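Engineer: Need a 3D model of the sequence below.
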Amino acid sequence: MKKFLLSLSGILIIIAIFTVWFLNHGNDVYNRHKKYRQTFGIIQFETLNHTLSDSDKEKAEPIFDLVKSAILYSGSKEDCKFEEPLVSLCRFTDDYNYTRNESDVSLVTYKQINKVGYLWIKYTRECFDANGENVNGAWDILCLIKVKNNDGNFVIEDVIETP
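Structural biologist: Predicted structure coming up:
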C-alpha cells in the first residue's frame, strides 16, 4: 500500500509540474498580453507564441515595411496614400496638429497558416507640436495585422491593436 501511495504521489507531482508548465508556456510578449486574447481572438492570439525564423522574417519583411510606413506617416488625411485597414495606424496632422512624429516599430513574429498570415508588431509613437509639446502618444502597443496571400500578392485584411 505504501508503494502504491508513493507511486501515486509521484504521478500527481509530475502532472502538477506539467500543468504549471503548460499554463505558463509562451514567449515574454505572449505571456504579458494574455489578458487581450479575447481582443485578438483566441486562435489568432496563439500565433503570437510562434518563434520567428529567418524564413518567416523574409516573408514578413514587405508587409512589415508597409505597416511601419503607415505608423511613421506624417501628413494630412487628404495626402495619405494608405487605404483601410492600414489607415487606422496613421496619425494625421489635421487631427493632432503635430509637426514631428517619433515612432519605434518592431517585428514580434510572423506566422502563416495556409493562405493567411499573422504579423505581430509592437510600436511606440509620440507626436509633438512646434513647441516640442507631446500632443498624442501611444506606448508599447501590440498589434496584429492579418494578411491574406492571393497567389503571392499580400492583402492586408485587418488591423487589431491592444486597447
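
Engineer: Going by C-alpha atoms from here, please, whenever you check contacts or count neighbours.
Structural biologist: Will do.

Engineer: which stretches of this structure have low pLDDT?
Structural biologist: Counting by pLDDT under 70, the chain contains low-confidence ranges at 1-2, 4-6, 8-10, 12-25.

Engineer: Residue 32: how many residues sit nearby?
Structural biologist: By the measure other C-alpha atoms under 10 Å, the count of residues near residue 32 is 10.

Engineer: Oops, could you answer that again for residue 116 instead?
Structural biologist: Burial of residue 116 is recorded as 17 neighbouring residues (other C-alpha under 10 Å).

Engineer: dump the residue contacts of residue 149.
Structural biologist: Residues in contact with residue 149 (C-alpha atoms under 8 Å, 6 or more residues apart in numbering) are 115, 116, 117, 155.

Engineer: Mind jotting down where the helices sit in the protein?
Structural biologist: For the chain, the helices defined by DSSP state H cover 2-23, 28-32, 37-40, 42-46, 54-72, 93-96.

Engineer: Not counting its own residues, what contacts stretch 72-82?
Structural biologist: When contacts are defined by C-alpha under 8 Å, 6+ apart, stretch 72-82 is touched by residues 70, 90, 91, 92, 93, 94, 99, 100, 101, 102, 103.

Engineer: What's the local residue count around the fifth one?
Structural biologist: So that's residue 93. Neighbour tally, residue 93, other C-alpha under 10 Å: 18.

Engineer: That one and residue 76, how far apart?
Structural biologist: Counting by C-alpha to C-alpha, to the nearest Å, the gap from residue 93 to residue 76 is 5 Å.

Engineer: Over to the third one?
Structural biologist: Residue 91 sits at a distance of 9 Å from residue 76 (criterion: C-alpha to C-alpha).

Engineer: the more surrounded of these two?
Structural biologist: Neighbour count, other C-alpha under 10 Å: between residue 91 and residue 76, residue 91 has more, with 25 against 15.
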